[in-house]
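A.B. asks: Based on what follows, work out the 3D shape:
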Amino acid sequence: EGIPHAGLRRHRRQPARQDRLRRAQSVRAGADPLFRAGLSVDRKKIMKKILIISDINFAPQNEGNKKRIYDMIQIYKECGVTVSFLFIPKNRSDKISQHDVINGNIYIVHRTLRDKVNLLFSRIRKIIGSIFNINFLMRYKIDEWAPIGAINKSNNIINKYDAIQCEYAYMSKFLENSTAKLKIIDTHDVFSNRAENISAHGGKTTWFSVKEAEEKILLERSSKILAISKSDSDFFKKITQQDVYTLDFISKPKYCWSKTSKGIIFIGSNNRMNLNGINWFFDHVYPILMSHNFNKEIFVAGKITPSIKHAGKYKKIGFVESLDDLFAKCEIMINPVDIGTGIPIKNIDALSRGIPIVATNNAARGCEKFYESGMYVAKNNIDFAEKIMSITKNTDITEKASLELFEKYTGLYNESLEKISKEII
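C.D. replies: I've put the predicted structure just below:
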């Protein structure tokens, strides 16, 4: 069943390369991923409703955390779940767009004046701490980012649902008084000593950071914890007794690589870590490429583009609505960022489309399953340049790497579907 009848006439096995192309084409055509995975899932039986609570929007997908929330919504829907969304905007200008992404209800609850004042003072204190390297000012109180007023206004909505999910542990206050049977936290990141860890690697951040014992309290308000990488999952298992699941490769696979692709690309939001990474590339890798008459186009896309001041032969794309069209132009993606935590969402964006990646050791975190099979880790600037030139010098080599990584990614995506269907929801 499920095999086209005409295909039964062929008795001679196709070459391995053609097999991989056929599998890639079947995914590109939108074949049912649950069927591809061989899962015996009855969609009617697993039909459930879940309320996702977030102060981060899912659209536009111009930042990693927004893309993560978007992918989470989509994979739940793929598993037959009706997803509703409770949005707590940080300001009035943050509107919900792309309403059709949600197949349930959309609720918008605004912060009270007290919530806004608390958030403003919190940000000011963290900025001062970041400027003057005062770590205790950069550490947050356990529920400092929890909008208490908005939580109180949301109770009637929350208690309509048997399953609720908070995006980020700092929003877990929403779970405390809920009557839901299933309470999930999609963590996105580890917050224990986050500011100190980034500072130790030469970076600065005003993002949420708490002590390990405090993160444990936040997480234990849930019944299930979702981690974005295996290393995060291992850490959460060490500090909590809750059930922890790694959900990393959840962006739906869609093959975009093409033999007509002639460029390399970097995508990034406008933060200091991305900017330091791309500046390092143009300072230390780009000159090596030019000295070898590298003739591929270099594209830089995302909100970071206005901040890049380097002269050189590269194109600034800015924000794009469709990553599919952008990746279709490129042979490989580069990720020269050398500071960060969690798993870079830009890596998942590329891998899910069959785009090989050259990355620093830090930028490859969470993607160990793809090492030397689509993810090429460079030791230094010379190695970075050599890997770019080696992979792109021959279209057949690049295509082989693309097909292998896409096949592996599709398998991992199907594992995520199965995990959600059988263990999480």
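
A.B. asks: Return the set of buried residues in the longest helix along the chain.
C.D. replies: In the chain, with assignment by DSSP state H, the single longest helix is helix 395-419. Across helix 395-419, burial judged by 16 or more other C-beta atoms under 10 Å covers 398-399, 401-410, 412-414, 416-419. Where you see a C-beta, it was placed from the backbone N, CA and C, and this is true even at glycine.

A.B. asks: Ok, stretch 258-270 next?
C.D. replies: In stretch 258-270, counting by 16+ other C-beta under 10 Å, buried: S258, S261, G263, I264, I265, F266, I267, G268, S269.

A.B. asks: Just the CA trace of that stretch, in PDB.
C.D. replies: Only the C-alpha atoms of stretch 258-270 are listed here, as PDB (Å, rounded to 0.1, in the frame of the first residue of the first chain):
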ATOM      1  CA  SER A 258      19.600  22.900  -6.500                       C
ATOM      2  CA  LYS A 259      22.400  22.400  -8.900                       C
ATOM      3  CA  THR A 260      21.800  25.900 -10.100                       C
ATOM      4  CA  SER A 261      22.700  27.300  -6.600                       C
ATOM      5  CA  LYS A 262      25.900  29.300  -6.800                       C
ATOM      6  CA  GLY A 263      26.300  31.100  -3.500                       C
ATOM      7  CA  ILE A 264      26.900  30.900   0.200                       C
ATOM      8  CA  ILE A 265      24.800  32.500   2.900                       C
ATOM      9  CA  PHE A 266      24.700  33.800   6.400                       C
ATOM     10  CA  ILE A 267      21.500  34.500   8.200                       C
ATOM     11  CA  GLY A 268      21.200  36.300  11.500                       C
ATOM     12  CA  SER A 269      19.100  38.600  13.700                       C
ATOM     13  CA  ASN A 270      20.700  41.800  14.900                       C
END
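
A.B. asks: Let's test this: mean pLDDT of it, rounded?
C.D. replies: Here stretch 258-270 scores 90 as its mean pLDDT.

A.B. asks: cool, and stretch 94-114?
C.D. replies: The predicted model assigns stretch 94-114 a mean pLDDT of 93.

A.B. asks: Identify the residues contacting it?
C.D. replies: 49, 51, 57-60, 70, 73-74, 77, 82-90, 92, 119, 147-150, 153-154, 157 (C-beta atoms under 8 Å, 6 or more residues apart in numbering).

A.B. asks: How about stretch 275-285?
C.D. replies: By C-beta under 8 Å, 6+ apart, the surrounding residues in contact with stretch 275-285 are 203, 266, 268, 300, 304, 307-308, 310, 312, 334-339, 360, 363, 381, 384-385, 388.

A.B. asks: Tell me which of the residues you listed fall in strands.
C.D. replies: Using DSSP state E, the subset of the contacts of stretch 275-285 located in strands is F266, V300, I334, N335.

A.B. asks: Select, from those residues, the two members most distant in space.
C.D. replies: Comparing all pairs in the ones in strands among the contacts of stretch 275-285 by C-beta to C-beta, the longest separation belongs to V300 and N335, at 12.3 Å.

A.B. asks: Restrict the ones in strands among the contacts of stretch 275-285 to the buried ones and give me that as a PyMOL selection.
C.D. replies: Listed next is the PyMOL selection for buried residues among the ones in strands among the contacts of stretch 275-285, using 16+ other C-beta under 10 Å:
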select buried, resi 266+300+334+335
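
A.B. asks: For L405, give its distance to A364.
C.D. replies: From L405 over to A364 the distance is 13 Å, taken as C-beta to C-beta, to the nearest Å.

A.B. asks: Could you tell me which residues touch both of those two?
C.D. replies: Residues touching both L405 and A364 (C-beta under 8 Å, 6+ apart): M375.
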